[in-house]
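Peer 1: okay, structure incoming, though there's no sequence with it:
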């Protein structure tokens, strides 16, 4: 996130990363004590920026690991042109507790929690004004809540560390046991309620991009909706979701400066960051003086030549996904690119649905990519597509693309779902159709609750694929077995599609964490 100081250099202490002994052995950026750092608001501000920065800091590929865990385990994924060595275990459901994706993500998220806990513990020391201190605490507690929301959806019960860890003597926190899923949700809700109560409705100018009360309400509504599904199945959360999300829709949109943009593609444009449709996002901005200030995600996703550089294109969407869209739906070629102009040559590249490969329309010939693959899917292309300068083209992290975590269209679809699940189907459909209208898609009629449920679930896929939602939606709906049954083994390299197992409803606890913390227990089936 960006506010005034875009890329802070953290000035202080080791941020204890908590769940295992090795995570306490981090590099200190200096030897300034917490007492020194938190003696002024400037120090508190830098520490809070450190919480934001933890979502996108080095190593850069961790960001893509997070994307894989949230987006790849579903029926409409196949290999991209560049191969699929990073995603094969996850779209074929053959992953295991030693895969780098899960091994890296656990400590990365706990680093965010540790930094947030430090800010919460010391904010009152830095400023005497309680309201100002609470603003910084609220920002940190939002990030902490979102961190635990990701952890509980990825792994189920995890250690719940609520306070700063600054000593190896705090063994109960460092070697914590897994908390019950309900206890984790309760803590998330508590943090978000604090955040919505102590933040302004929205920020402007140099503060644009800081977490707002509107963002806290939006995430809280989504947390309620998620908790109403599996595994908790707390049906009363549906009405709580309706109530919370209704605060930021309708007349609340002006209060919290939210809304849909008229043009879908412009939402993701690099020159249109922090627009009113973005609820919250993690900022990336390439600079020549900071080598990892951009993001690597488009490098792994974009088709070759889209932004004038070589890409790996590891991920592809199936033709079946492309065909879910109506022909008039402007989201179709924005999300799954069937035609584009390759830079710098200016060649027209099209996806040949008869061969399941891209080909050069003007010169002929297929862009084969990895010849071991049975076919390659359509490249994901939703992120900002600003062409790279020649000086950037050789560096995979040189994309200035924000990592949008939640958009206002997600709010509308969450509200539609919560209304439908509480029997308010007629009230749900207008929110669904508002999203479709912007996409130039046909309007849905008011049908039965089951019909509208199916429409909402499809619409979430059409609108939000690639935005850290798909796998989490599938898990809370309990539809993973149906997803796997709908897959063709030919989608997977060597036809290696694993059958459904209940263990796949969660990712395994990383083996490295089990080895380090004797109080952790592996998830069932792993």
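Peer 2: Noted; the coordinates are in hand. Treat the numbers as computed from the prediction; the structure is a model and nothing was measured. Residues are numbered from 1 along each chain as shown.
Peer 1: report how many residues lie close to the closest residue to residue 322 other than its chain neighbours.
Peer 2: Counting by Cβ to Cβ, 6 or more residues apart in numbering, residue 322 lies nearest to residue 336, which is 4.7 Å off, once chain neighbours are set aside. No exception for glycine: its C-beta is placed from N, CA and C like everyone else's. Residue neighbour count, defined by other Cβ atoms under 10 Å, stands at 26 for residue 336.
Peer 1: what ranges do the helices span in the stretch 101-250 of the chain?
Peer 2: Secondary structure of the stretch 101-250 of the chain (DSSP state H, counting those that start in this stretch): helices located at 130-155, 171-174, 181-198, 213-228, 236-246.
Peer 1: avg pLDDT for stretch 127-147?
Peer 2: Taken as a whole, stretch 127-147 has an average pLDDT of 98.
Peer 1: quick revisit: residue contacts, the residue nearest to residue 322?
Peer 2: When contacts are counted by Cβ atoms under 8 Å, 6 or more residues apart in numbering, residue 336 is found next to 317, 321, 322, 377, 378, 379, 380, 381.
Peer 1: so which of those residues belong to strands?
Peer 2: Secondary structure from DSSP state E places 317, 378, 379, 380 of the contacts of residue 336 in strands.
Peer 1: in a markdown table, list those along with neighbour count and distance to residue 224.
Peer 2: As requested, these are exported to a markdown table (neighbours: other Cβ atoms under 10 Å; distance: Cβ to Cβ, whole Å):
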| residue | neighbour count | distance to residue 224 |
| --- | --- | --- |
| 317 | 23 | 30 |
| 378 | 27 | 34 |
| 379 | 26 | 35 |
| 380 | 28 | 29 |
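Peer 1: so which of these comes closest to residue 146?
Peer 2: Ranking these by separation from residue 146, with Cβ to Cβ as the measure, puts residue 380 on top at 22.9 Å.
Peer 1: how about the nearest residue to the closest one, chain neighbours excluded?
Peer 2: Sequence neighbours aside, residue 301 is the residue nearest to residue 380 in space, at 4.5 Å (criterion: Cβ to Cβ, 6+ apart).
Peer 1: how many residues are close by the one you found?
Peer 2: Using other Cβ under 10 Å as the criterion, the residues surrounding residue 301 number 27.
Peer 1: with the one 3 residues further on instead?
Peer 2: By the other Cβ under 10 Å criterion, the neighbourhood of residue 304 contains 21 residues.
Peer 1: ranges for the strands of the protein?
Peer 2: In order along the chain, the chain carries the following strands (DSSP E): 77-79, 278-282, 315-317, 336-337, 339-342, 347-352, 357-360, 366-367, 378-380, 403-407.
Peer 1: can you list the strands that the fifth one pairs with?
Peer 2: Right, strand 339-342. Using DSSP bridges, strand 339-342 pairs in its sheet with strand 347-352 (antiparallel).
Peer 1: the last one now?
Peer 2: For strand 403-407, the paired strands and their directions (DSSP bridges) are strand 278-282 (antiparallel).
Peer 1: which residue is nearest the middle of the chain?
Peer 2: Nearest to the mean C-alpha position of the chain, counting by Cα atoms, centre = their mean, stands residue 468 at 3.5 Å.
Peer 1: quick check: closest non-adjacent residue to that residue.
Peer 2: Taking Cβ to Cβ, 6+ apart, and ignoring the residues beside it in sequence, residue 468 has residue 70 as its nearest neighbour in space, at 4.3 Å.
Peer 1: same question, residue 407
Peer 2: The shortest distance from residue 407 to any non-neighbouring residue, by Cβ to Cβ, 6+ apart, is to residue 277 (5.3 Å).
Peer 1: give me the number of residues near the one you found?
Peer 2: Burial of residue 277 is recorded as 22 neighbouring residues (other Cβ under 10 Å).
Peer 1: wait, it sits on residue 257?
Peer 2: No: taking contact to mean Cβ atoms under 8 Å, the distance of 10.3 Å between residue 277 and residue 257 leaves them out of contact.
Peer 1: how about low-confidence regions in the protein?
Peer 2: Within the chain, the segments meeting pLDDT under 70 span 1-32, 57-58, 83-84, 285-293.
Peer 1: how does it look with 50?
Peer 2: Within the chain, the segments meeting pLDDT under 50 span 1-31.
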